[in-house]
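# Sequence below, structure please.
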Amino acid sequence: MPWKEQSKMDERLRFVARRLEGELMTDLCREFGISRKTGYKIFNRYKEEGLIALEDRSRRPVRYANQLPVPIEQAIIDAKKDKPHWGARKIRELLVRRLAGDVRIPARSTIHAVLDRYGLVKRAGKRRQRALGTSLSSGSVPNALWCVDFKGEFRLGNQAYCYPLTVTDHASRFILACEALEGTKEVPVIEAFHTLFRARGLPDAIRSDNGVPFASPNGLYNLSKLSVWWLRLGVAIERIKPGHPQQNGRHERMHLTLKQETTRPACENHLQQQVRFDDFVREYNTERPHEGLAMATPAEIYTPSSRIYDGLPDIDYPFHDREVLITACGRICMHRKKINISTVLAGQRVGIREVDDGIWLVSFMHYDLGYIDLEQRTLQTIDNPFGAKV
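All right, here's what the predicted structure looks like:
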């Protein structure tokens with residue numbers, strides 16, 4: 001009785017039941033049209049795992065949400081070392097045959113990402129510069145580092161909530177902005193930075209925590225549209241570790257003074273509160289001496305940035321095969337197939353380059369985002385080019 005006449009699950013169940021009743025393995029395998037090796041494998045799986053072991057085990061590639069199981073990752077590495085000239089496609093097929101359906105083998109793009117992480121693949125052309133992480137810079141001169149945060153919300157006299165958006169220069173302690181916003185939505189924050197960049201120029205880096213809108217817990221590599229915009233402007237992003245506000249200590253200390261002098265009591269509405277913030281900023285920057293500045297005022301130290309803000313610069317990908325525009329729904333289109341990348345990159349151009357048979361590297365600016373294959377239609381991420389997910 002061939003397996004395909006009825007469901008495989010039912011056939012395996014019947015096979016195991018008759019074996020448990022004492023029928024000989026050789027006779028059962030002959031009747032069911034399978035080898036003795038397969039028969040013993042089915043029966044042993046049942047004894048180890050129960051009925052769930054009789055379900056179909058697909059050869060379809062699997063995407064692991066997090067890290068690959070260690071044995072599978074090691075099997076990929078061993079296979080590559082054994083066949084150093086084979087690519088991910090051939091290695092995947094080799095593992096499928098070796099493991100004979102015992103486990104589901106990951107997609108080609110996942111295998112290629114593992115090989116890349118262990119330095120077992122070569123990238124054609126010039127190696128692109130990759131960010132090394134979120135190690136925090138010293139910000140020892142004006143505009144080398146700006147710090148941004150929302151001071152905790154508080155109620156105004158009219159019972160509306162106020163969310164102060166604050167930006168300071170790390171080296172000079174100069175308060176660059178203190179905006180009385182109605183929430184933490186992205187659009188008003190981007191508008192505030194448009195105004196700030198036009199007035200003060202661009203910093204080298206901006207440090208924030210991991211909250212919205214500076215980061216996105218669901219975005220690719222925790223990016224948000226705001227942080228993507230900063231990157232397009234050539235501004236590096238730094239993020240402090242969760243639960244470590246001391247990594248933004250100077251900014252937090254300013255928040256304490258801001259709270260003491262502007263929110264007790266709070267004003268009646270946002271407009272009146274903004275006037276109070278403006279008065280505080282003026283005094284803090286130009287009149288208040290600072291011990292960390294040898295009793296100078298922040299305005300005596302700070303100078304505007306020499307990096308003029310005049311819109312987004314052009315980007316190109318000379319070491320890639322082509323450029324692709326990410327759609328509003330976060331996809332790219334290749335060979336009439338739609339491949340998910342991330343909505344935080346909607347409207348941005350990325351470079352793609354075929355690095356192995358059917359495997360494509362996707363890059364945004366000089367950051368490598370990961371690999372795709374046309375079968376899976378998804379991006380297989382690699383080491384976080386913007387630093388660990390903090």
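# From here on, just use CA atoms for contacts and neighbour counts.
Fine.
# Surely D321 and W360 touch.
No: between D321 and W360 there is no contact under C-alpha atoms under 8 Å: 9.6 Å.
# Going along the chain, name the helices of the stretch 51-200 of the chain.
Ranges of helices in the stretch 51-200 of the chain, per DSSP state H, counting those that start in this stretch, are 70-82, 88-99, 108-117, 186-200.
# ok, and for the shortest one, which residues are buried?
I take that to be helix 108-117. In terms of neighbour count (16 or more other C-alpha atoms under 10 Å), helix 108-117 has its buried residues at R108, S109, T110, I111, H112, A113, V114, L115, D116.
# try stretch 189-204
V189, I190, A192, F193, L196, F197, R200, G201, L202, P203, D204.
# Looking at these, which one is closest to A79?
D204 (43.7 Å; C-alpha to C-alpha).
# residues in contact with the closest one?
N143, A144, L145, G234, V235, A236 (C-alpha atoms under 8 Å, 6 or more residues apart in numbering).
# Then Q159?
Neighbour list for Q159: empty [criterion: C-alpha under 8 Å, 6+ apart].
# Now it: phi and psi?
phi 70, psi 0 (degrees, to the nearest 10).
# so how far is E268 from it?
In this view, Q159 and E268 are 8 Å apart by C-alpha to C-alpha, to the nearest Å.
# Domain map for the chain?
Per automatic domain parsing, the structural domains of the chain span 3-54, 70-117, 146-301, 322-381.
# so which of these comes closest to D314?
Comparison of the domains of the chain against D314 by C-alpha to C-alpha identifies domain 146-301 as nearest, at 8.8 Å.
# for the buried residues of stretch 189-204, which one is nearest S138?
Minimum distance to S138 across the buried residues of stretch 189-204 is 11.7 Å, recorded for D204 (C-alpha to C-alpha).
# circling back: next, format the contacts of D204 as TSV and append pLDDT and neighbour count.
Formatted as TSV, these follow (pLDDT from 0 to 100; neighbours: other C-alpha atoms under 10 Å):
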residue	pLDDT	neighbour count
N143	96	25
A144	95	19
L145	96	26
G234	94	16
V235	95	18
A236	92	19
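# Save those as a markdown table, and put in distance to G351 too.
As requested, those are arranged in a markdown table below (distance: C-alpha to C-alpha, whole Å):
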| residue | distance to G351 |
| --- | --- |
| N143 | 30 |
| A144 | 29 |
| L145 | 29 |
| G234 | 17 |
| V235 | 20 |
| A236 | 20 |
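# of the residues you listed, closest to L95?
The shortest approach to L95 among the contacts of D204 belongs to A236, at 40.7 Å (C-alpha to C-alpha).
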